[in-house]
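Participant: need coordinates for the following:
(one chain, ligands or ions: 1)
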Amino acid sequence: MELKVGGSFKCPEGHKAKIVWISEDKKVVAARCPREHLKKVVKVIGQTKPALSYRDQPREERKIYVKNMVFLIRI
Ligand SMILES: [Zn+2]
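Facilitator: Got it, this is the predicted structure:
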């Protein structure tokens, strides 16, 4: 398969991504995927039980998704 900028490539989650950059040695490509990806999960202190001590307060997970994420993929 020939790689070129503008061509398609699979992102790490298996979506169809678009190649936006290829390294000179053609060992790394940057592919931008239009689908949403989980960027990170942040923990926030829940507001539900304020009576508990700080250590025991429930933590809620908030997921952050991003579209058009660019992946650097070693090939
Ligand atoms: Zn993707």
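Participant: around the ion, pick out the residues from the protein.
Facilitator: C11, E13, H15, C33, R35 (CB under 5 Å from the ion). Bear in mind the C-beta positions are built from the backbone N, C-alpha and C, glycine included.
Participant: hey, which helix or strand in this structure has the poorest pLDDT?
Facilitator: strand 37-45 (a mean of 82; mean pLDDT, DSSP states H and E).
Participant: coming back round to it: from the residues of the chain next to the ion, which would you call buried?
Facilitator: Among the residues of the chain next to the ion, those buried by neighbour count (16 or more other CB atoms under 10 Å) are C11, C33.
Participant: same list (the residues of the chain next to the ion) but as a markdown table, adding secondary structure and pLDDT.
Facilitator: A markdown table is the format used below for the residues of the chain next to the ion (DSSP: H, G, I helix; E, B strand; the rest coil; pLDDT from 0 to 100):
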| residue | secondary structure | pLDDT |
| --- | --- | --- |
| C11 | coil | 93 |
| E13 | coil | 91 |
| H15 | coil | 95 |
| C33 | strand | 95 |
| R35 | coil | 94 |
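Participant: hang on, the earlier thing: and the least confident helix or strand of the chain, which residues are buried?
Facilitator: H37.
Participant: show the end-to-end separation of stretch 6-24, please.
Facilitator: Length of stretch 6-24, first residue to last, CA to CA, to the nearest Å: 16 Å.
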